[in-house]
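S.K.: Next one to model:
(one chain, ligands or ions: 1)
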Amino acid sequence: MAAVIQTFPTTPHELGLLYRARPAMAGLLLAGTAARSWPAMGSPVRKVPGIGWVTADPVMARAVLQDHRSFTILGEGGVGDLWAQILGDWVLDLFDGAGHHDLRSRTRELFTEAVSRDLVHAAWGERVAAAGEVLRAGGTLDVAHLARVLVGRMVIGLLGIPRPAQHHGTWPDDEGALQVFETGERLATVALNTAGSTTLTPDQVATAQGIVAELTAGIPDGWRDAPPDTLLGRCRELGLGLTETSGLASLLMVAGTETAASAMGRTTALLIDTGEQHRMLAAMRAGTGAVASTGRLLNPGEGDPVENVVREGLRVTSPASVIGRGVAADVEVGGARLRAGDRIMLLVWSANVAAGPFRADRPYVRESRQLWFGAGRHLCLGAALARAEIGTLLRMLWSEDRPLRVIRRRAARGVLIPAWSELHVSRT
Ligand code: HEM
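M.R.: Residues are numbered from 1 along each chain as shown. Coordinates of the predicted model:
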């Protein structure tokens, strides 16, 4: 029995969820974890027919992400290749090289810890409070649905998406937020069939272009007129042109919607399924001072039980399960010789879960660091915002010092980012 438990790196519910999302990918991720457990099986970087090079080793993965000369996000195998086909070749400079460096330098302040907290408070405050009331009154809450609504609201706020002409009543409302979320999902689905190649068909390009036009329709006005305390206003003040701002907006949309919603629902389920919610509640009850046991002052969030769970949830769920790169120049990694034009898939999920099962109080894992957000120059721009989003949801769900249970759940089928499509929880 013990051997069986060790064979599976995460909960049965998480495995089922990965399988429902994409069976082939689930198989690859599990094979990656198995290969990690038996390093004697050979090089940590291997060639898989039909896929190319793969690795589930966190140190190798980070080395690839930090080696900007030998690997590229632009070539076949990287997301930049997809974007160039959809938005145009101007993206190439924005995604890598001097243009990317300039964009990242200018946008460094867009999602600091403090800005992220304010953004979440402004976009979600009332809606999260209303959801909290439902639980307090003994009702049932679909956390998966709520996560999509909240993330949709965030996107509407960030991109200044105006009220659609046919829409009446307050804006944004849940229905409008869900529509925006689903539009982002449709865009990501275009990338779903690119595991073999990142070259899109003309039909896929046309579909994606239509979606981008829909999502970014409000950007020109917002970029011109929005006050400096909004994202679009800040982009303008930072000296980003309209084209760069639109490109960045499309990126935020795709990078930050499904990933965040996935982590929110899955971390909630993991806390309940593993019983770790009790450990988190106990730690919250005990309270944490602002000083570590060594007497040293803590960094923001450090020692906070919820922040710790947010990090651990991101490690175990790793919503961006794989990161792709093209090989730009012949290079040797982990004893394997990769040739220019090859592609490599970094099995981030496998690399991260190998450190052990979900534990609410697991300390920072040095080996994986924050590989769920990537590494190197493309390290997730919205990391602080994502953490603030997940933390805000968890604090609301467990605000009454009472455990939750799952009443009903359903995993999304055939999606790029594995997620719960329904996760009904209650305190009773
Ligand atoms: C749990 C949620 C999230 C996860 C797991 C995640 C993960 C990642 C990963 C792995 C990358 C690197 C991709 C690569 O190297 O190919 C990335 C990049 C990026 N993410 Fe996130 N992300 C999340 C949320 C967000 C949010 C909320 C935003 C913004 C609102 C965001 C914006 C971006 C952007 C703009 C990039 C591209 C950065 C660059 O190329 O320089 N992400 N994200």
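S.K.: C-alpha from now on. contacts and neighbour counts both.
M.R.: Fine.
S.K.: With adjacent residues omitted, what lies nearest to the residue in the stretch 201-350 of the chain that the ligand sits nearest to?
M.R.: Going by C-alpha to the nearest ligand atom, the ligand is nearest to G256 of the stretch 201-350 of the chain, at 3.3 Å. Among residues not flanking G256 along the chain, G382 sits closest, at 7.0 Å (C-alpha to C-alpha, 6 or more residues apart in numbering).
S.K.: mind checking how far the one you found is from G247?
M.R.: Taking C-alpha to C-alpha, to the nearest Å as the measure, G382 falls 15 Å from G247.
S.K.: which stretch of helix or strand covers L281?
M.R.: helix 276-286 (DSSP states H and E).
S.K.: Could you count how many residues lie near A144?
M.R.: Using other C-alpha atoms under 10 Å, A144 is surrounded by 27 other residues.
S.K.: Repeat that for D225.
M.R.: D225 is flanked by 12 other residues according to other C-alpha under 10 Å.
S.K.: quick one: contacts for it?
M.R.: Applying C-alpha atoms under 8 Å, 6 or more residues apart in numbering, one finds that D225 lies in contact with G233.
S.K.: Might you list the low-confidence residue ranges for the stretch 151-300 of the chain?
M.R.: For the stretch 151-300 of the chain, the stretches with pLDDT under 70 are 191-196, 288-300.
S.K.: In the stretch 301-428 of the chain, where is pLDDT below threshold?
M.R.: Applying pLDDT under 70 to the stretch 301-428 of the chain flags residues 301-302.
S.K.: which parts of it sit against the ligand?
M.R.: 318-320, 323, 372-374, 377-383, 385-386 (C-alpha under 6 Å from any ligand atom).
S.K.: Longest helix in this structure, please.
M.R.: Counting by DSSP state H, the longest helix found in the chain is helix 113-136.
S.K.: Show me what the next helix or strand after that one is packed against.
M.R.: The element immediately downstream of helix 113-136 (helix or strand, assigned by DSSP H and E) is strand 141-142. Contact analysis of strand 141-142 by 3 or more C-alpha pairs under 8 Å, 6 or more residues apart in numbering; DSSP states H and E lists helix 113-136, strand 420-426 as its packing neighbours.
S.K.: can you give me how far strand 141-142 is from the chain middle?
M.R.: Counting by C-alpha atoms, centre = their mean, to the nearest Å, strand 141-142 is centred 21 Å from the centre of its parent chain.
S.K.: List the neighbouring strands of that strand plus their orientation.
M.R.: strand 420-426 (antiparallel) (DSSP bridges).
S.K.: Please write out the alpha-carbon positions of the partner strand in PDB.
M.R.: These are the backbone C-alpha positions of strand 420-426, laid out as PDB (Å, rounded to 0.1, in the frame of the first residue of the first chain):
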ATOM      1  CA  TRP A 420     -12.500  22.600 -11.500                       C
ATOM      2  CA  SER A 421     -15.500  23.700 -13.500                       C
ATOM      3  CA  GLU A 422     -17.700  23.200 -10.400                       C
ATOM      4  CA  LEU A 423     -16.600  23.100  -6.700                       C
ATOM      5  CA  HIS A 424     -19.500  23.500  -4.300                       C
ATOM      6  CA  VAL A 425     -18.400  24.000  -0.700                       C
ATOM      7  CA  SER A 426     -20.200  24.700   2.500                       C
END
